[in-house]
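Colleague: I would like to see how this sequence folds:
(one chain, ligands or ions: 1)
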Amino acid sequence: MDSAKLELDGNTYELPVTVGTEGEVGVNIRKLRSESGAVTLDTGYGNTGSCESAITFIDGEKGVLRYRGYSIESLAQKSSFVEVCYLLIYGELPTSDQLEVFRHKLTYHSLLHEDMKKFFEGYPPSAHPMSVLSAMVSSLAAYYPDSDDPKVQELNIIRLIAKLKTIAAFSYKKSIGHPYMYPRNDLSYAADFMHMMFAVPAETYVMPELLTAALDILLILHADHEQNCSTSTVRMVGSSGADLFASISAGISALSGPLHGKANQEVILMLEQILHDGGDYKKYIAKAKDKDDPFRLMGFGHRVYKNFDPRARVIKKKADEVLSKLGIQDPLLDVAKELERTALEDDYFAERRLYPNVDFYSGILYRAMGIPTNMFTVMFSMGRMPGWIAQWLEMKKDPANRIHRPRQIYTGSQVREYKEISER
Ligand code: SDX
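Modeller: Reported below is the predicted structural model:
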């Protein structure tokens with residue numbers, strides 16, 4: 001199959017077809033407007049491919065997710081977040097030497113410039129950490145200017161991944177009025193983040209190995225997800241030539257929406273609401289089905305997955321394992337499981353193929369780690385960072401790429417004469 005035919009207004013147009021390595025078919029409409037004068041219309045881009053990409057493959061029908069060809073299940077079981085960062089950005093699993101060099105660079109670039117600490121002083125304790133994160137990431141460009149030099153660009157990528165956990169932990173410490181805990185070079189990425197979040201100068205912080213291992217897996221599971229809203233934002237902003245930090249900052253802002261990354265925070269708020277409402281989850285299932293009720297089952301449904309989100313499966317299993325090992329009885333987990341069981345037996349959800357997504361159970365694990373609910377989407381950002389970077393790099397290197405500038409179909413007033421205010 002190498003072309004498609006479009007019949008429009010008595011004319012036939014032959015459109016080239018691109019078939020991907022997994023058999024996905026893309027009808028290339030690059031010349032459609034110049035040849036026919038027409039554009040396609042696809043509000044929300046549910047049927048539109050924005051690029052060709054070799055980074056992540058999702059089969060929404062089968063619940064398959066792979067980074068650079070490796071299944072998410074195998075990476076969650078056998079890899080580490082730092083190794084997955086390398087895989088996504090460089091395209092191959094590193095050798096042990098490559099991994100050690102990469103890990104060393106991340107470790108030795110995790111400090112923030114001391115002047116950047118002053119930025120936190122300007123925020124009220126109530127500031128949402130996603131607003132702080134987006135602003136701080138954008139501000140990194142003031143200290144580490146963009147450059148066409150590949151070595152500088154690679155160093156800025158290292159700086160971004162390395163400093164992100166420091167910015168996240170510092171914003172938390174500032175919000176609770178505690179002193180900052182600086183990065184430690186003897187700790188892994190996840191352990192260093194936990195240390196900066198929860199250690200205090202007065203005593204030695206006992207690192208909960210079980211939780212840092214679970215955090216590393218959560219970061220892996222969030223690392224990339226092809227052309228989702230925030231990644232498409234990163235690509236769009238980067239397509240104008242904006243620097244890495246500005247592009248990623250825009251992605252963080254896109255992720256902060258409750259329909260996207262902030263859903264993990266909304267899930268916990270929803271479960272707490274159900275619990276406080278006597279645990280009547282069936283009432284909330286009914287609300288979710290009611291067209292006149294704006295309530296949605298947060299953490300349920302997905303534009304691509306019409307089967308289980310494979311990440312949700314791994315997270316649910318890990319949440320069960322961690323909570324039972326720690327002897328934690330989290331009533332929210334019980335409500336979540338009952339909600340899932342009831343929804344999956346309900347025709348409304350079955351007909352619309354609505355399943356738990358990555359956000360449905362992740363908050364249960366973050367809670368067990370002691371991470372505050374308003375930091376959950378920051379955790380999502382930390383995990384997604386290598387994916388955003390890899391996608392930004394792929395866009396920059398794509399010879400077919402040009403500034404993203406969609407068209408529209410105008411439905412407003414036709415031409416009319418200006419009237420003086422006295423005549424209106
Ligand atoms: C993420 O794209 C990605 O890859 C994102 C992500 C990533 O890794 O980057 O996977 C991360 O953002 C996961 C999604 C987190 N968001 C939520 O959990 C919010 C709740 N879910 C939804 O609002 C919704 O399911 C979306 C936003 C996720 C998907 O929306 P779509 O694809 O635009 O689907 P839709 O709104 O057109 O819904 C189709 C139907 C509608 O019913 P009908 O009009 O056909 O009768 O399903 C219904 C919707 O009302 N529906 C829901 C529902 N989600 C969809 N009804 C109740 N509860 C829900 N959660």
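Colleague: return the residues of the stretch 251-400 of the chain in contact with the ligand.
Modeller: Residues of the stretch 251-400 of the chain lying close to the ligand (C-beta under 6 Å from any ligand atom) are 259-261, 263, 288, 296-304, 352, 354, 357-359. Every C-beta, even on glycine, is put in place using the N, C-alpha and C of the backbone.
Colleague: please spell out the ChimeraX selection for the buried subset of these.
Modeller: Selecting the buried subset of these in ChimeraX, with 16 or more other C-beta atoms under 10 Å as the burial test, is done by:
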select :260,261,263,288,296,297,298,299,300,301,302,304,354,357,358,359
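Colleague: taking the residues of the stretch 251-400 of the chain next to the ligand one by one, which sit in helices?
Modeller: Residues of these located in helices (DSSP state H): 263, 288, 359.
Colleague: point me to the residue of the stretch 251-400 of the chain nearest the ligand.
Modeller: Using C-beta to the nearest ligand atom, the closest approach of the stretch 251-400 of the chain to the ligand is made by G301 at 2.3 Å.
Colleague: residues contacting that residue?
Modeller: 352, 354-355, 357 (C-beta atoms under 8 Å, 6 or more residues apart in numbering).
Colleague: go again with 7 Å.
Modeller: Each residue near G301 by C-beta atoms under 7 Å, 6 or more residues apart in numbering is listed here: 354, 357.
Colleague: can you check the one 3 residues further on too?
Modeller: Taking C-beta under 7 Å, 6+ apart as the criterion, V304 is in contact with 58, 60.
Colleague: quick one: pLDDT of the residue of the stretch 251-400 of the chain closest to the ligand?
Modeller: Listed pLDDT for G301 reads 95.
Colleague: look up how far R353 lies from it.
Modeller: 9 Å (C-beta to C-beta, to the nearest Å).
Colleague: need the phi and psi values for the closest residue to H302 other than its chain neighbours.
Modeller: With C-beta to C-beta, 6 or more residues apart in numbering as the criterion, H302 has its nearest non-adjacent residue at 4.7 Å, and that residue is N357. Taking degrees, to the nearest 10, you get phi -110, psi -170 for the backbone angles of N357.
Colleague: how close does N357 sit to G261?
Modeller: For N357, the distance to G261 equals 11 Å [C-beta to C-beta].
Colleague: hmm, back to that, give the contact list for the residue nearest to H302.
Modeller: N357 touches 299-302, 305, 309, 312, counting by C-beta under 7 Å, 6+ apart.
Colleague: by contact count, what packs against the longest helix belonging to the chain?
Modeller: Longest helix in the chain, counting residues (DSSP H): helix 150-175. Here helix 150-175 touches helix 96-107, helix 117-121, helix 129-143, helix 189-198, helix 244-255, helix 376-397, going by 3 or more C-beta pairs under 7 Å, 6 or more residues apart in numbering; DSSP states H and E.
Colleague: contacts for the first one?
Modeller: With C-beta under 7 Å, 6+ apart as the contact definition, helix 96-107 has outside contacts at 82-83, 86, 94, 158, 161-162, 185, 189.
Colleague: what of the fourth one?
Modeller: Defining contact as C-beta under 7 Å, 6+ apart, one finds that helix 189-198 is touched by 81-82, 106, 110, 165-166, 169, 172, 181, 183-184, 187, 205, 207, 211-212, 215-216, 219, 370.
Colleague: for the ones in helices among the residues of the stretch 251-400 of the chain next to the ligand, give me CSV that also has pLDDT.
Modeller: Output for those, formatted as CSV (pLDDT from 0 to 100):
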residue, pLDDT
A263, 96
A288, 96
D359, 95
